[in-house]
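S.K.: turn this into a model:
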Amino acid sequence: QVQLVESGGGLVQPGGSLRLSCAASGRIGSINAMGWYRQAPGKQRELVATITSGGSTNYAVSVKGRFTISRDNAKNTVYLQMNSLKPEDTAVYYCNAQIRLQAEMMFYNYWGQGTQVTVSS
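M.R.: Predicted coordinates:
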């Protein structure tokens, strides 16, 4: 039905940058909010940033001023630009999207498979 495919994770030194991408594909009717979450080992999954279809954004306090979320509605893609990365940003990053399938009425949450981000010297 719908797939969210993430890319852009990897290993980076403290202070470095990475850009994550997440593309949604399938029988998509429309997409409401999109976002990024992360889960570090031994911790619960937490919100990183979200963006509405109109472009309004919300950030976790820990990433505000360092991370920027954006989206390309024509490509059904959401991005996360991560600058000034810290070791505590190390986690698996998951893409999330509220999607209504074609010919359906309800929006449902969909998740990507996750991409590893490791910040280490």
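
S.K.: OK, contacts around residue 97?
M.R.: Residue 97 sits next to 4, 22, 24, 31, 32, 33, 34, 35, 78, 109, 110 when contact means C-beta atoms under 8 Å, 6 or more residues apart in numbering. Placement of C-beta: from N, CA and C, glycine included.

S.K.: over to residue 30?
M.R.: 53, 99, 100.

S.K.: count of neighbours near the last one?
M.R.: With neighbours defined by other C-beta atoms under 10 Å, the count for residue 100 comes to 17.

S.K.: relative to the strand or helix carrying it, what are the paired strands and their orientations?
M.R.: In the assignment (DSSP states H and E), residue 100 maps to strand 91-101. With DSSP bridges as the test, strand 91-101 is paired with strand 28-39 (antiparallel), strand 107-111 (antiparallel), strand 115-119 (antiparallel).

S.K.: gap between the closest residue in space to residue 108 that isn't next to it in sequence and residue 61?
M.R.: Counting by C-beta to C-beta, 6 or more residues apart in numbering, residue 108 lies nearest to residue 99, which is 6.3 Å off, once chain neighbours are set aside. Distance, residue 99 to residue 61, using C-beta to C-beta, to the nearest Å: 28 Å.
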